[in-house]
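1. Kindly generate the corresponding structure for this input.
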Amino acid sequence: MRQIVLDTETTGLDPKSGHRIIEIGCVELQDRKLTGRHYHQYINPEREIDDGAIEVHGITNESVSGKPLFAQIVDAFMTFCDGAELIIHNASFDVGFIDAELQRLENIRWQKVRAHCGVLDTLVLARQKHPGQKNNLDALCKRYLVDNSQRDLHGALLDAEILADVYLAMTGGQTNLALTSGSGKGERNTQGSQHAVDSGGIRRLRGDRQALAVLKPTAEELAAHETMLAQLQNSAGKHLW
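-> Residues are numbered from 1 along each chain as shown. As a prediction, the model looks like this:
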């Protein structure tokens, strides 16, 4: 099963008010394992970014002024996602913005998101599993021991990577959990599994886990064990343990 964990950053909160996407970040899962493939793009929104939005993600008008328009990246983005299940936290927000961008285009190839992809909302899933608790991404990272120490500001690709770890942990699969000492940004360790490091420094799960070694007792150890059992049997209940 191919899944794409997706996040966006935007100029504001409501696409119906003309707000636009300024960043898209996606990471790919195949059969619940990170493949190392990703899609990341900054976009010129052709409008000003709200000050409140800049405080959240740190992306300024100047930093996206020379970036491509959504119309110029739509084919690469939608082709990357086409046919996959999208995993999104608060999916109605991101899907609403993507649909609004698609509707602006004179391009009949791409319809609304759900015509091309399945959608799984991890916020809905988290609320089902943890009713009455905080279920934003930071709270889920704390609950599932997923390292988010590099998340001073929101960023689409970093948040997609973190959400991938949270999703795998929340649905019972192997995932990266703890930050290893001395590791760099985005490098997370997998407890109990082998891992490989891709060219970006992110540790990825591997399926070729080594068999655990089995150590058998020696004859001397077996004899000592039998002696201890005999002593316990003859203690007449004097030993509490």
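2. Distance-wise, check the residue nearest to M1 when sequence neighbours are not counted relative to A53.
-> Leaving aside its sequence neighbours, M1 sits nearest to D31 (CB to CB, 6 or more residues apart in numbering; 6.0 Å). From N, CA and C alone the C-beta is placed, and that goes for glycine too. Computed as CB to CB, to the nearest Å, the D31 to A53 distance reads 36 Å.
3. what residue is smack in the middle of this structure?
-> Most central in the chain under CA atoms, centre = their mean is A164, positioned 1.9 Å from the mean C-alpha point.
4. Do I have it right that A164 meets V27?
-> Yes - using CB atoms under 8 Å, A164 is in contact with V27, at 5.3 Å.
5. shared neighbours of these two, anything?
-> Listed as contacting both A164 and V27 by CB atoms under 8 Å, 6 or more residues apart in numbering are 5, 34.
6. Please enumerate the helices of this structure.
-> Using DSSP state H, the helices of the chain run over 51-57, 61-64, 70-81, 91-104, 122-129, 137-143, 156-170, 219-233.
7. and of the ones you listed, who's closest to H116?
-> Closest to H116 of the helices of the chain is helix 70-81 (CB to CB; 6.6 Å).
8. helices or strands next to that closest one in the packing?
-> If contacts are counted by 3 or more CB pairs under 8 Å, 6 or more residues apart in numbering; DSSP states H and E, helix 70-81 sits against strand 2-10, strand 21-30, strand 33-42, helix 91-104.
9. The longest one versus helix 156-170: what angle between them?
-> Here helix 91-104 runs at an angle of 140 degrees relative to helix 156-170 (axes from the mean of the first three to the mean of the last three CA atoms, to 10 degrees).
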